[in-house]
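Student: What shape does this take:
(2 chains)
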2 protein chains.
Amino acid sequence: MLVALAGGVGAARFLRGLLRRVKAEDLVVIANTGDDATFHGLHISPDIDTLIYTLAGVAEGEKGYGLKGDTFHVLDALSRLGHQKWFALGDRDFATHIHRTMLLRRGHTLSEVTFSLCEAWGLATRILPMTDSPVETRVVTERGDMHLQEFLARDHAEGAIQRVYVHGIEGAHAGPSVIEAILAAQGIVVCPSNPIISIGPILSVPGVREALRVTDAPIVGVSPIVAGAAVKGPSVPMLTAQGVEPSAYGVARLYSDFLDGFVIDQRDAALEGRIAELKMHVAVTDTMMPTPDDAARVADAALGLLAQARNA
Amino acid sequence: MLVALAGGVGAARFLRGLLRRVKAEDLVVIANTGDDATFHGLHISPDIDTLIYTLAGVAEGEKGYGLKGDTFHVLDALSRLGHQKWFALGDRDFATHIHRTMLLRRGHTLSEVTFSLCEAWGLATRILPMTDSPVETRVVTERGDMHLQEFLARDHAEGAIQRVYVHGIEGAHAGPSVIEAILAAQGIVVCPSNPIISIGPILSVPGVREALRVTDAPIVGVSPIVAGAAVKGPSVPMLTAQGVEPSAYGVARLYSDFLDGFVIDQRDAALEGRIAELKMHVAVTDTMMPTPDDAARVADAALGLLAQARNA
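Tutor: As a prediction, this is how the structure comes out:
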């Protein structure tokens, strides 16, 4: 059984490749919930939905989030009733959020709701929310202290980042099976997601980082930073704000207390020596994943590192 | 100022005609909320929405409820997630229910939500929910005790009706301005709505019937029963179940403690004498309202009766 720590779009694209190499039922994905938000009174889990839609093959390809070919009648009508529409939610996507909110209000947990959605979409891969506790990733810029989605979707990531934190994380409990999956895994992959707002919240859930340190499973990561830039999103200013070198090396170092191997892009080949000094195996490949075939190539590199670490 | 007691489709069609004769801002509509229901975790107010959509000129003409040209992507997607879809809700209609539910959860009253919807649709006519208290019209048939919408929309009004009751009505409070409007009105019209499930719940709100009895305003009704049949819906079996003669006379008698006049259909002209014995003025006309012009003709009859009662 393989475990993946995952954020949204970048992780989902990588996992699409990984699933060409491992059986769907042999993969467990621990998903970030720090960017969950309430819009229009409905509970939205952007990363979980991106993972589900992508693995189900129904994600909007270009943006990476939302459903392919979705319409926007509900959002347009809400806008006419005076509500904000900067967080793009399609009609069929709304059904997901209505379903989730309804079940949560009935007392079900986010883990149970996520399971029901995976079942509905016919996914054999289990997606585990990192926590069922309400947590919220917030960004402090000179404009103020705001929800991550306000920063990303409303403000288009504008404004100098001063600090990123996950409200409520200290009191959060790891979701059911999250710690168990980490401890029982035969291999763990940290997906190429934003280290601060996607992987960071998962690592901050009490018990998760400790479990990663003590598990017998080899753990490898895939760098989300290529040649000092993020493939997508504000990883670089966020790493910088947190005092982390915005490079593949900086990310490897951030994870070095539990990482056994790191996949970096060929454009970062020069960093291989420095990263190896962190006592981890390094694989160098083209980490761009425009297609599932490309993602499978990156997955091969990660799986190769897992085997290497296992045999070391 | 004119007050109308209204259910859904029949009332809305009549009011469309009445509004050709009276200024929108001079009309206050007291709307039934007994058929409100929760679907998909959202608060639906079918009669209020039918009134708003119809008066705003955006109602689906043929069915009389829902929005013209609405699509059904959300409902279809909810259905794929295992939810019932027998209560037809369009995408733009969903926005109304999401808006309402969001405001109610924030602590706003149904009256406030309704006002916000009327404002958003540019209606000068005030629509007052009969109550902000949660009440629920229920129907008992041999199949069981069920919500009115389960009987109407799910079971297509099949099953012999044993009893109709409004759960929670004894403890309900009349909505803000409801009693005041009745007492201050210059005329009151009871719309041609189902006497048991549309007008009945309004009359059952503590204080409403008493206010109708004591107000100085003349009160006239329009018969929803024509030649012993309802124009739409299960009025006849419901009247019968409640021990009321299913005719224009039976309805006039049901309202006779406060009614000063009654508009009946020309096909019921023979009932004029019996109804007049109930000490009310009677107008006979063609009460079918396929077009707003037809509705205006029926409105003229009602307004004529109001004037007659006022001068008596």
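
Student: Look up how far A:R163 lies from the nearest residue to A:W86 once chain neighbours are set aside.
Tutor: Distance criterion Cβ to Cβ, 6 or more residues apart in numbering or on different chains; nearest residue to A:W86, sequence neighbours excluded, is A:R154 at 4.6 Å. (Each C-beta comes from the backbone N, C-alpha and C, glycine too.) A:R154 is 18 Å from A:R163, where distance means Cβ to Cβ, to the nearest Å.

Student: Just after the helix or strand bottoming out on mean pLDDT in chain A, pick out the following helix or strand.
Tutor: Lowest by mean pLDDT, DSSP states H and E among the helices and strands of chain A is strand A:229-230, with a mean of 91. Per DSSP states H and E, the first helix or strand lying C-terminal to strand A:229-230 is helix A:235-241.

Student: for that next one, packing partners?
Tutor: Identification of packing neighbours for helix A:235-241 by 3 or more Cβ pairs under 8 Å, 6 or more residues apart in numbering or on different chains; DSSP states H and E yields strand A:161-167, strand A:225-226, helix A:248-254.

Student: With only the CA atoms kept, save it in CSV.
Tutor: Output of helix A:235-241 as CSV, limited to C-alpha atoms (Å, rounded to 0.1, in the frame of the first residue of the first chain):
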residue,chain,number,x,y,z
SER,A,235,5.0,28.7,-3.7
VAL,A,236,8.0,31.0,-4.1
PRO,A,237,6.8,34.0,-2.1
MET,A,238,5.3,31.7,0.5
LEU,A,239,8.5,29.8,1.0
THR,A,240,10.4,33.1,1.1
ALA,A,241,8.0,34.5,3.7
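
Student: which residues are in contact with stretch A:95-113?
Tutor: Contacts of stretch A:95-113 with the rest of the structure, by Cβ atoms under 8 Å, 6 or more residues apart in numbering or on different chains, involve A:33, A:36, A:39, A:41-45, A:49, A:89, A:116-117, A:128-129, A:132, A:175-177, B:40-42, B:73-78, B:80-81, B:83, B:94, B:98.

Student: how long is it end to end?
Tutor: With Cα to Cα, to the nearest Å as the measure, stretch A:95-113 spans 13 Å from end to end.

Student: And the closest residue to A:P46 other than its chain neighbours, how close does it get to B:A309?
Tutor: Excluding its sequence neighbours, the residue lying closest to A:P46 (Cβ to Cβ, 6+ apart) is A:D35, at 5.2 Å. Distance of A:D35 to B:A309, given as Cβ to Cβ: 64 Å.

Student: and if you look at A:D76?
Tutor: Counting by Cβ to Cβ, the gap from A:D76 to B:A309 is 47 Å.

Student: So those two - more neighbours on which side?
Tutor: B:A309 (18 against 14; other Cβ atoms under 10 Å in any protein chain shown).

Student: was I right about the more buried one contacting B:F262?
Tutor: No - the pair B:A309 / B:F262 is not scored as a contact, 10.6 Å apart, by Cβ atoms under 8 Å.

Student: Check the contact lists of the two and give me the overlap.
Tutor: B:220, B:281.

Student: any idea what sits nearest A:L78, other than its immediate chain neighbours?
Tutor: Closest residue to A:L78 apart from its sequence neighbours, by Cβ to Cβ, 6+ apart: B:A95 at 4.5 Å.

Student: Next up, phi/psi of that neighbour, please.
Tutor: Phi and psi for B:A95, reported as degrees, to the nearest 10, are phi -60, psi -40.

Student: same deal with A:G34?
Tutor: Dihedral angles (degrees, to the nearest 10) for A:G34: phi -60, psi -30.

Student: May I have the residues that are in contact with it?
Tutor: Contacts for A:G34 (Cβ under 8 Å, 6+ apart) come out as A:130, A:135-137, A:148, A:166, A:169, A:197-198, A:200-201.

Student: and if you look at A:D76?
Tutor: Neighbour list for A:D76: A:85, B:92, B:95 [criterion: Cβ under 8 Å, 6+ apart].

Student: Sketch out the helices for chain A, chain order is fine.
Tutor: With helices called from DSSP state H, chain A shows them at A:9-18, A:46-55, A:73-80, A:91-105, A:110-120, A:148-149, A:178-184, A:200-204, A:208-214, A:235-241, A:248-254, A:272-276, A:292-311.

Student: Turn the ones you listed into a markdown table, columns for mean pLDDT.
Tutor: Formatted as a markdown table, these follow (pLDDT from 0 to 100):
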| stretch | mean pLDDT |
| --- | --- |
| helix A:9-18 | 96 |
| helix A:46-55 | 96 |
| helix A:73-80 | 97 |
| helix A:91-105 | 98 |
| helix A:110-120 | 98 |
| helix A:148-149 | 96 |
| helix A:178-184 | 98 |
| helix A:200-204 | 98 |
| helix A:208-214 | 98 |
| helix A:235-241 | 94 |
| helix A:248-254 | 98 |
| helix A:272-276 | 97 |
| helix A:292-311 | 96 |
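
Student: for those helices, which one sits closest to A:V282?
Tutor: helix A:272-276 (4.9 Å; Cβ to Cβ).

Student: Report the distance from the closest one to the chain centre.
Tutor: 25 Å (Cα atoms, centre = their mean, to the nearest Å).

Student: State the number of residues packed around the residue nearest to A:P46.
Tutor: Neighbour count for A:D35, taken as other Cβ under 10 Å: 26.

Student: I figured it hits A:T50, correct?
Tutor: No - under the criterion of Cβ under 8 Å, A:D35 is not in contact with A:T50, lying 9.9 Å apart.

Student: Please enumerate the shared neighbours of those two.
Tutor: Common neighbours of A:D35 and A:T50 (Cβ under 8 Å, 6+ apart) are A:G8.

Student: Report the separation between the nearest residue to A:A77 once chain neighbours are set aside and B:D132.
Tutor: Sequence neighbours aside, B:A95 is the residue nearest to A:A77 in space, at 3.3 Å (criterion: Cβ to Cβ, 6+ apart). Counting by Cβ to Cβ, the gap from B:A95 to B:D132 is 22 Å.

Student: And these two? Which one has more around it.
Tutor: For B:A95 and B:D132, the more surrounded residue by other Cβ under 10 Å is B:A95, and the numbers stand at 26 against 22.

Student: For A:R80, see how far away that one is.
Tutor: Applying Cβ to Cβ, the value for B:A95 to A:R80 is 8 Å.

Student: Can you report how many residues neighbour A:L278?
Tutor: Applying other Cβ under 10 Å, we find 15 residues neighbouring A:L278.

Student: And for A:H173?
Tutor: 13.

Student: Give me the nearest residue to the closest residue to chain B within the stretch 201-312 of chain A, chain neighbours excluded.
Tutor: Nearest residue of the stretch 201-312 of chain A to chain B (Cβ to the nearest Cβ) works out as A:P292 at 24.4 Å. Leaving aside its sequence neighbours, A:P292 sits nearest to A:R16 (Cβ to Cβ, 6+ apart; 4.9 Å).

Student: quick one: contacts for the one you found?
Tutor: Per Cβ under 8 Å, 6+ apart, neighbours of A:R16: A:54-55, A:292, A:295.

Student: Could you find the closest non-adjacent residue to A:D91?
Tutor: In space, A:D91 is closest to B:H73, 3.8 Å off (Cβ to Cβ, 6+ apart).

Student: Wait, A:H73 touches A:G90, no?
Tutor: No - counting by Cβ under 8 Å, A:H73 does not reach A:G90; the two are 9.0 Å apart.

Student: Report the contact partners of A:R143.
Tutor: A:155, A:159.

Student: separation between it and A:R154?
Tutor: From A:R143 over to A:R154 (counting by Cβ to Cβ), the distance is 10 Å.
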